[in-house]
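pasting the sequence and the predicted model now:
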Amino acid sequence: MTITGFLSQLLQVAIALALAPLLVGWVNCCRAWLANKRAPSLLLPYRMIRKLFAKDAVVAQNASPIFRLTPYVVFGAMTCAAAIVPSLATDLPFARAADAIALVGMFALARVFMALAAMDIGTAFGSLGARRDMFIGFLAEPALLMVLFTASLLSGSTSLPQIVDTLAHREIGIYPSLAFAGVAFTMVSLAENARIPVDNPATHLELTMIHEAMILEYSARHLALLEWAAALKLFNYSCIGLALFVPFGIVVSGTGWQLLLSAAPLLIVKLAIGGAALALIETLSAKMRIFRAPEFLGTAFMLAVLAMLVNLLLGA
Amino acid sequence: MNALALDLVIAVIVAWLAVGALGLARPARLKFASRVLYPAGAVVGVVLAIAGFAAMGAAPQSQVLPLGLPDLPFHLRIDSLSAFFLLILGSVAAAVSLYSAGYFRSNEGTPPGLVCFQYHAFLAAMALVLVADDGYVFMVAWEAMALTSYFLVTTDHRVPEIRRAGFLYLLIAHVGALAILLCFGVLQGGSGDYTFGAMRGQQLSGLWPSAAFFLALFGFGAKAGLLPLHVWLPEAHPAAPSPVSALMSAVMLKTAIYGLLRVSFDLLQGQLWWWGVVALGLGLVTALYGVVFAAVQTDMKRLLAYSSIENIGIIVAGIGLAILFRAYAKPLLAAITLTAVLYHCLNHAFFKSLLFLATGSVLHATRERSLGRLGGLIHRMPWVAWLALVGTLAIAGLPPLNGFVSEWLLLQAFLFTPTLPQSFVNMLVPLATAALVLAVALSAYVMVKFYGIVFLGRPRESSLAHAQDAGPVERAALAYLALGCIALGLFPVNVIALLDPINALLVGSSALQGGGGSSWLLLAPINADRSSYSPLIVLVVIIAVVLLTMQIVHRFYHGRVRSAPPWDCGFPGQTPRMQDTAEGFGQPIRTVFEPFFRMQRHLPSPFDAEPRYAVKVDDHVWYWLYLPIARGVEMLARLAGRIQQGRISVYLTFSFFTLLALLFFVR
């Protein structure tokens, strides 16, 4: 473990924690602009989290300790995930302890705890949300793994920094397997982050909710942590996408830590473009019925499998 | 110590039989069995685990016992492979025996002393299977295992369904045993020598090795629950008392895996690549099939039984992959795959027995097996609930628990496959990987359903308010298994080092060589650049982040918490019955995988005064395979029945003609 690695590790987590709500705010702004509405403040998510922290927590009478533990576990899992995904640099000591498969496991851990907490109160909506979220997850998780496997076949490693190192050093060109994987990854991230067309983050209609139905019972600091964790999840997914498909400009291992300062603005620019693209996709599509979701995610899954096949056939 | 391992195992077998015989001496005394005999059995289990542990790295030892028929003595042998499975048997049997001390209470069905005898004879038979070194002892032990477990399954034999389940189990067990017998027949290659040592030396030619392999796959598959021979599992597991279900699922299925490994890696020389492809495909289909069916079950023990089918599928898929690597002379990769397989056997033994025992406690506390009538038990039975949570997270394959480690290793093995020379096999890899990760992801769905419906939410029946937590002895057994799940998850490198002698024995390579950067902290199968995983660091970092967040939140913000009724969305008449039932939670899976199921649904009309909704999910295999066979057998029996006239003169005529025919042929 080098000092540089340690620094970039800490810096990366700090940036993820700080910037995640901003990314959500930016996507909301873009959505508002695209819909010809006046945009809310870019800093609205921060204010929201601050406001929630100041409130009194209301916990349902028959909640078990699992309910109160879950926000912390989800937040912890997402923070750890932020430490693994190379967003600024690839010299990450913690990434040695957890590779791409463990990253997916971390997301699964958060999902399972969310679902258990939603079932804990024993309301109809909680269990509905839990069931739907696990349902989306059982298709999205394998698809995400297959995308990561495609990339790891290219680089011969399942360690994310290693993958990004390899991909960043390749010539610029079109790689068919990565193209398939990219489409699949986009679809998966839409589903996993409760975005249109699978879920609607802005909905208040209970019957269409997935993510919101699960956190219906949460309030105050618990809700704040969950909102922050959701923002972190979006940030993590965006960073995985950027690292796999546009890795240029990332600080590869072996270079000095001064470069980190230049990598951060570049990351912000890339995230801004990615967020705008996400808003565009969301504006252009309509929300699906829940039972169309398996088709959507099945397509993503098949595309990811195809990516792996193409990779084996063409070796690219 | 090492040199005594085999003697110790023999002593353990005798001790278990003696404990059982003591139970038989006082068949009606429940207290004697629960206070003295089961704890004694648990101590013997610990001794067996120690013996297995000691023999893991030691040289094989064999012994000939002058038992059995004249000229057919018992050959016994212990090597790393049998030592490992003995370790599983001993460590799980210790916990299950301890739990049984508190579990068997009522005097219904078989008398407690007799159950105690059957139970310990079952354990002894399993131990004997694992040290058998000739076909004769193996079959004797195998049949003893099948019979004792049959009697244990039918403990509550006054219930007709349980008798039926037992019959089905016995039937499939015997069909499988026939195949194993035939397999040994092929393996001895005409020499007439049924010792395993002689079988290893046989050079089979032509199609004979394949015949032996597929007979073994069929015979051991019937015991393990491979498709389409899995139908007995979901019937027998719910029928049996919970400790017996735990033993059957955690250990008895593993003896079948042991047999398969013994035949395909040890007794057969030279594997063919397409055996691997067949086993891989069959394993993956079984895994998917099992997990999809688990998702729609409404009985908690049936759900766990289907989940066992899934895990066996994953294990057999791993064995297939190992055969593939072995056939292409890639010993290092075969060793990694085999490590994943053995690791998963160990993990499954721990978390599945934990969950089956937890369902036993729930069953005792509520007298209810149906998921639709449970709920909210975490408030009434916190010990069982929190310990079962460990098992649930482990079986769902979440880091940093043990289920994740073996799945991680297996996925690593799949990612190595593109280095094989045959492009056709390489093309299969993405599909196989996809099927594997789908099964793993679905198992998380299944386990959330299981745990959420049984332990979380509000109680669906008012009678659940009187549920009592498990007693101290049962808690101790559950806690031991849960700690096992955690320890196996946190120290993978130590476990793999323990497993390594088996790799050396079966594939002639070590999984930890290859200059990998593995240390006690970091698991890195090939080298640290390729892949590495450290559950301990992951756990410490997650806990550190969680504690830090809690500290910060609690320091800077007030800790005011109000308790209030849950939000009812403006509809005040909500009842606990409005939570998702097991049917409701499984509904998305039922819709997506509709072709898998044979469904009968009854939908109420809107005008029903008392609307009832019913859905029955059945197995296609039952209707497409078993019922036609049963009908065929019945028809044959009826034809044969015509001979039965009841008159002696007719029978004498038959005998006369038979004699004539024999004379004609033998001439």
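Right, received. Where do you want to start? Numbering: from 1, shown residues only, chains lettered A, B, ... in the order given.

which residue ranges of chain B form strands?
B:61-65, B:74-78, B:561-564, B:597-602, B:614-619 (DSSP state E).

compare those strands and give me the one nearest chain A.
Taking CB to the nearest CB, strand B:561-564 is the member of the strands of chain B nearest to chain A, at 4.6 Å. From N, CA and C alone the C-beta is placed, and that goes for glycine too.

tell me which of the strands of chain B is the most buried.
strand B:74-78 (a mean of 22; mean count of other CB atoms under 10 Å in any protein chain shown).

okay, now A:C30: neighbour count?
Residues near A:C30, counting by other CB atoms under 10 Å in any protein chain shown, number 20.

surely it and A:A279 touch.
Yes: checked against CB atoms under 8 Å, the pair A:C30 and A:A279 is within contact range at 3.4 Å.

list the contacts of B:R29.
B:R29 sits next to B:P112, B:G113 when contact means CB atoms under 8 Å, 6 or more residues apart in numbering or on different chains.

tell me how far it lies from chain A.
In this view, B:R29 and chain A are 40 Å apart by CB to the nearest CB, to the nearest Å.

what do you get for B:F218?
30 Å.

same question, B:V446
B:V446 is 9 Å from chain A, by CB to the nearest CB.

residue contacts, that residue?
Residues in contact with B:V446 (CB under 8 Å, 6+ apart) are B:V291, B:A294, B:A295, B:L303, B:S307.

give me the low-pLDDT residue ranges for the chain?
Here I'm looking at chain A. A:1-2, A:172-173, A:203-207, A:251-260, A:315-316 (pLDDT under 70).

please go with chain B instead
B:1-3, B:106-109, B:418, B:513-518, B:527-528.

just the helices in the stretch 51-200 of chain B please.
Ranges of helices in the stretch 51-200 of chain B, per DSSP state H, counting those that start in this stretch, are B:80-103, B:112-131, B:135-153, B:160-187, B:196-201.

please see if stretch B:430-443 touches chain A.
Yes: on the criterion CB under 8 Å from any CB of the partner chain, stretch B:430-443 is in touch with chain A at B:P430, B:L431, B:T433, B:A434, B:V437, B:L438, B:V440, B:A441, B:L442.

out of the helices of the stretch 51-200 of chain B, nearest to chain A?
Nearest of the helices of the stretch 51-200 of chain B to chain A, taken as CB to the nearest CB: helix B:80-103 at 24.2 Å.

let's see which of the contacts of B:V446 end up in helices.
Counting by DSSP state H, these place B:V291, B:A294, B:A295, B:L303, B:S307 in helices.

run a quick neighbour tally on the last one.
Per other CB under 10 Å, the neighbour tally for B:S307 reads 26.

from the chain's centroid, how far away is the strand or helix carrying A:A20?
If you go by DSSP states H and E, A:A20 is part of helix A:3-34. With CA atoms, centre = their mean, to the nearest Å as the basis, helix A:3-34 stands 12 Å off its chain's centre.

with chain B in mind, check whether it reaches it.
No: Helix A:3-34 does not reach chain B (CB under 8 Å from any CB); its nearest approach is 9.1 Å.

ok, back up a step: turn the contacts of B:V446 into CSV, including distance to A:Q61.
What follows is the contacts of B:V446, written out as CSV (distance: CB to CB, whole Å):
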residue, distance to A:Q61
B:V291, 35
B:A294, 32
B:A295, 31
B:L303, 29
B:S307, 33
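
before we move on, back to that, and the ones in helices among the contacts of B:V446 near chain A, which?
The subset of the ones in helices among the contacts of B:V446 within reach of chain A, by CB under 8 Å from any CB, is empty.

next, the contact list for B:P472, please.
So B:P472 contacts B:G102 (CB under 8 Å, 6+ apart).

any idea how far A:R38 is from it?
65 Å (CB to CB, to the nearest Å).

so B:I537 touches A:A97, yeah?
Yes: at 3.8 Å, B:I537 and A:A97 qualify as touching, with contact defined as CB under 8 Å.

between these two, who's got more neighbours?
Set B:I537 next to A:A97 and count neighbours by other CB under 10 Å: A:A97 wins out with 25 against 18.

now do the contacts for that one.
By CB under 8 Å, 6+ apart, the neighbours of A:A97 are B:L522, B:S532, B:Y533, B:S534, B:I537, B:V538, B:V541.
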